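**Student:** mind looking at a prediction? Sequence and model below.
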Amino acid sequence: MIKRTLFLSTIAISALTFNSFAFAAAADDAAITKNVKDTVNSTQKISTSEIPSVVIEVKDGTVYLYGIVNTKDDKKNLEESIKNINGVKKVSSEIRIQGD
């Protein structure tokens, strides 16, 4: 009976630990998302008027970019500024240049 109780306790602790990590990762992703959006809005090299349509998603520290920008420089500046944000592990960009 003690082994069974210990086993069930171990499972419960493992489940709580996993959920804590999942919650922490989601919280980190939310913070990264906010930092990315703040950076995009505050970086002088990147004007939101120069970004016709960009979607930003973050999963496990990887920033996924989808959409269209006006120039190659806009794309480069956007990607480079995001790479330097604390917590960003990787930038996966599906950004296209308008007109290409």
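**Tutor:** Received it, and whenever you're ready, just let me know what you need. Numbers count the residues shown, from 1 in each chain.

**Student:** look up how far residue 53 lies from the nearest residue to residue 39 once chain neighbours are set aside.
**Tutor:** Leaving aside its sequence neighbours, residue 39 sits nearest to residue 81 (Cβ to Cβ, 6 or more residues apart in numbering; 5.4 Å). For the C-beta atoms, the positions are set from N, CA and C on the backbone; glycine is no exception. As for residue 81, its distance to residue 53 is 18 Å (criterion: Cβ to Cβ, to the nearest Å).

**Student:** who has more neighbours out of the two?
**Tutor:** The neighbour comparison of residue 81 against residue 53 (other Cβ atoms under 10 Å) goes to residue 81, with 17 against 11.

**Student:** identify all contacting residues around stretch 88-100.
**Tutor:** Residues lying outside stretch 88-100 but in contact with it, judged by Cβ atoms under 8 Å, 6 or more residues apart in numbering, are 32, 36, 52, 54, 60-72, 75, 78-79, 82-83.

**Student:** what's the answer for stretch 63-75, then?
**Tutor:** 32, 36, 46, 50-58, 78-79, 82, 85, 88, 90-98.

**Student:** in that stretch, what counts as buried?
**Tutor:** 63, 65, 67, 68, 69, 74, 75 (16 or more other Cβ atoms under 10 Å).

**Student:** now, the residues you listed that are in strands?
**Tutor:** 63, 65, 67, 68, 69 (DSSP state E).

**Student:** and the two most separated of those?
**Tutor:** Comparing all pairs in those by Cβ to Cβ, the longest separation belongs to 63 and 68, at 17.0 Å.

**Student:** and the helices in this structure?
**Tutor:** If DSSP state H is used as the criterion, the helices of the chain fall at 2-42, 72-83.

**Student:** least confident of those, on average?
**Tutor:** When the helices of the chain are compared by mean pLDDT, helix 2-42 comes last with a mean of 61.

**Student:** which residues does residue 58 bridge with?
**Tutor:** Note on residue 58: beta-bridge partners residue 63, judged by DSSP bridges.

**Student:** I'd like the numbering to begin with 16 instead of 1 from here.
**Tutor:** In the new numbering, first residue 16, that becomes residue 73.

**Student:** go ahead and confirm it touches residue 52.
**Tutor:** No - Residue 73 is beyond contact range of residue 52, at 10.1 Å (criterion: Cβ atoms under 8 Å).

**Student:** appreciated, that's everything.
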